[in-house]
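[1] pasting the sequence and the predicted model now:
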Amino acid sequence: MKERGWDLLLFYGHTWRKDFFRYVINFNFAGPHIVAALSRDGQLQLVVSDPWDGEAAAPLFDQPVVLSRDFAAGIKQLVAQVGKSAVAIAGMEMMPAGFVASICRPSGKAPVSATADIEDMRRVKGADEIERLKKAAGLADRGYHYFAQTAAIGMAEYELVAHVEGFLKANGAEDNFMLIASGGTEVTGMRPPTDRKLQRGDFLITELTPQVDGYFAQICRTLVLGEPSPEQLQSFAIFSEAQKAAEDLIRPGVDVADVARVQNDVFRKFGYGEYTGSKYTRVRGHNLGLHPDETPYILEDVHYILKKDMVVIAHPNTYLPLGGYMVFGDSLLVTGDGCVCLNKTERKLFRK
Amino acid sequence: MKHGLITWDKAELPPAAFDSRLSRVRELLAARGLSALVVYSDVWRSNQGRYFSNFMPYWNRALLVIAAEGAPSLLCALSPRVYPWIRSITNIDEIRPSPNLPQQLLAMCTEKDWKKIGVLDLGAMPQDLYAPLAKGLDSIADIPWNAVRSAPDEAELSMYRRGATVAREVLEQEIAGTSGGIDHDFVGRLEQRLRLAGAEDLVVLLTNGQTAPKPPAGITLDKGFSVTLAFEYRGHWIKVSRTVAPPEVLTSLKSLFRYSIEGKPLGDPAAPLYLENLSGAYPWESCGAAELTAGSLFAAHVETQVDDRRYFYGDMCIRSPSGAELL
């Protein structure tokens, strides 16, 4: 804060994006809004919009927690009270414009965004954060095992998801980000579950991302209902080689653009280069932490140098005409000289 | 998160319900001289976009654009690969891939020669979208939600009633005989049963009576625990609270609840009453009684304390001119 000239740093969270707030206070709130205000002398103050959040948070703070249903008024008052002039906000981009405007008035100066700085700090994990991510990865493994065990021909996609969600929550997940799809070469991507019933020969793809104590870890696997076709096996071999190429490369000092490139090169080598662009795929991986889809995204046109103790997923998920959309990937912890996989699930094309 | 069954059963929620809501917007556009109304939508703030189109971004953000004529358009940061799915569950025809939402909206305004547009609840738009729009457009009208949201019609009410019935039944069945179990197991059972029953999302808060309800933490549920369940049924959020209090406490809680919602003004000054608006932009928002107008859908939760243990009970209501009614 001193380096940047900030007098007061606000960590804003809403119910979808709790991550900036939970970086400074790992407290799971109902919302919809919450702000933690950190002053240069290290004092923390909290403004909440929900009375039960206020009650649950109160024991965590020396200062009284401010409950403000008119949230703009609450943060305006907070900023005015401390009488500081330079206000920065982590999460300012997602903050309602009316809240940002309310902060402008008492300070006389417009607040500035602290998002990029805090995002960069968040990328390198501390020991306690890594422990939480390991727990989340362990739960992702158990969740996938349950997913594969439960899937059955005739079951609707949403029914399978309901069972898996129940399993993850029963085993301590706070939340879970999950996409799914089933079918053949007509499947071009994942989405929320539908009432489509699983059929023999389907590719059944999912990414599971359970959240444990604030932190999300992810696993991506593909299962074939029945015996895989030669095309499905060939497709998996390409994905497996691409994922391994990424994992072999990942270490501190490597540019994420190269992590994307080595994956795409495998597809190019087999003549499927056209399926590495945005028409058929989204990203070749991303950072993990308090949000399930953190930046940097692993793409050939994104440049970011990997650092020790980052946790990323490398997943060459894309459409291929061989078997349709396929997913495959694990959560990886960047170590001093490479990376270790946090997931223990077998790396294979699952079949049932 | 939003990964339950997202669908549109047209027998349950007929297209005419959306047509009527869009007509109201178009009347307002004509009266205010606006070319279009823009509705922001994201994973958690999807109620308003859903109200007009049944669209909900299960991930990411979007802008719904309701022009003076034609079906609504969607500017969407999701991949075009999911557009067929979006079209299958909404009344949206045109979807424009929009990794940069404000840039795409500004391009659309130029292309259509729109001089003045409205944004629903302008001050609630995220700062990173608001700032470039404010800079790029000569004039943006702030259209408040209550200017375009009609009192709920029968179709909407029946969605809420159906959701409330499911939530009450499942919660009451699950809490019976649960004491002594771990809260995570209880939440897991609710997740499974309610998602099988059509939940798109749910949030469960629990307490053994020493605190207000809060997220599960791996504790053993004592005799007399209380649960607050938020349940999204096809875009319609329901909130109810139930407890396994001793019968005399439960009877007294139910009386307190009835008294609290039937009064005018709402509530009993001697007992805590927690009100949450479920008709707004967010799934729920804590509010005061004065913020609830006739037709507002809301949850009311009451609390009583017996022998140092707090018990909670609550349900879905609709505000009426004379007080409120249980939904």
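    Good, I have the coordinates.

[2] show me what contacts residue 151?
    Because you didn't say which chain, this covers chain A. Residues in contact with A:Ala151 (CB atoms under 8 Å, 6 or more residues apart in numbering or on different chains) are A:160, A:198, A:204, A:223, A:225, A:352. Backbone N, C-alpha and C define where each C-beta goes, glycine included.

[3] my bad, chain B
    B:Ala151 makes contact with B:294-295 under the criterion CB under 8 Å, 6+ apart.

[4] how close does it get to B:Tyr160?
    Remark: distance between B:Ala151 and B:Tyr160 (CB to CB, to the nearest Å) = 13 Å.

[5] check A:Asp337 too.
    A:Asp337 is 58 Å from B:Tyr160, by CB to CB.

[6] these two - which one has more neighbours?
    B:Tyr160 (20 against 8; other CB atoms under 10 Å in any protein chain shown).

[7] which SSE is that one in?
    helix B:154-175 (DSSP states H and E).

[8] what of B:Tyr130?
    helix B:127-136.

[9] look up how far A:Phe167 lies from B:Gly70.
    45 Å.

[10] looking at those two, which one has more neighbours?
    A:Phe167 (23 against 10).

[11] any idea which helix or strand carries the more buried one?
    When elements are assigned from DSSP H and E, A:Phe167 belongs to helix A:157-170.

[12] what's that helix packed up against?
    helix A:127-150, strand A:175-183, strand A:203-212, helix B:183-196 (3 or more CB pairs under 8 Å, 6 or more residues apart in numbering or on different chains; DSSP states H and E).

[13] looking at the ones you listed, which is buried most?
    Comparing the helices and strands packed on helix A:157-170 by mean neighbour count (mean count of other CB atoms under 10 Å in any protein chain shown), strand A:203-212 ranks first with a mean of 25.

[14] what pairs with the helix or strand just after it, parallel or antiparallel?
    Toward the C-terminus, strand A:203-212 is succeeded by strand A:215-216 as the next helix or strand (DSSP H and E). Take DSSP bridges as the rule and strand A:215-216 pairs in its sheet with strand A:203-212 (antiparallel).

[15] now the angle from the strand it pairs with to strand A:175-183?
    Angle between the axes of strand A:203-212 and strand A:175-183 is 180 degrees (criterion: axes from the mean of the first three to the mean of the last three CA atoms, to 10 degrees).

[16] shaky segments in the chain?
    No chain was given, so I picked chain A. Low-confidence segments of chain A (pLDDT under 70): A:84, A:105-108.

[17] not what I meant, chain B
    Using pLDDT under 70, chain B drops low at B:1, B:264-265, B:267-269.

[18] next, the buried residues of the helix holding B:Tyr160.
    Judged by neighbour count using 16 or more other CB atoms under 10 Å in any protein chain shown, the buried positions of helix B:154-175 are B:156-157, B:159-164, B:166-168, B:170-171, B:174-175.

[19] near chain A, from the residues you listed?
    Contacts with chain A are made by none of these, judged by CB under 8 Å from any CB of the partner chain.

[20] next one: stretch A:150-162 to chain centre, how far?
    Distance of stretch A:150-162 from its chain centroid, counting by CA atoms, centre = their mean, to the nearest Å, is 24 Å.

[21] that stretch: end-to-end distance?
    Stretch A:150-162 has its terminal residues 11 Å apart, counting by CA to CA, to the nearest Å.

[22] what of stretch A:325-336?
    End residues of stretch A:325-336 are separated by 34 Å (CA to CA).

[23] so the chain: which segments form each domain?
    Just going to use chain A. Structural domains assigned to chain A are A:8-122, A:124-351, following automatic domain parsing.

[24] wait, chain B was what I had in mind.
    Split by automatic domain parsing, chain B gives B:15-148, B:154-326.

[25] can you tell which of those domains is closest to A:Arg251?
    Shortest distance between A:Arg251 and the domains of chain B, using CB to CB, is found for domain B:15-148: 30.1 Å.

[26] anything in the closest one near chain A?
    Yes. With CB under 8 Å from any CB as the measure, domain B:15-148 is seen reaching chain A through B:42-45, B:58-59, B:79-82, B:85, B:122-128, B:130-131, B:134.
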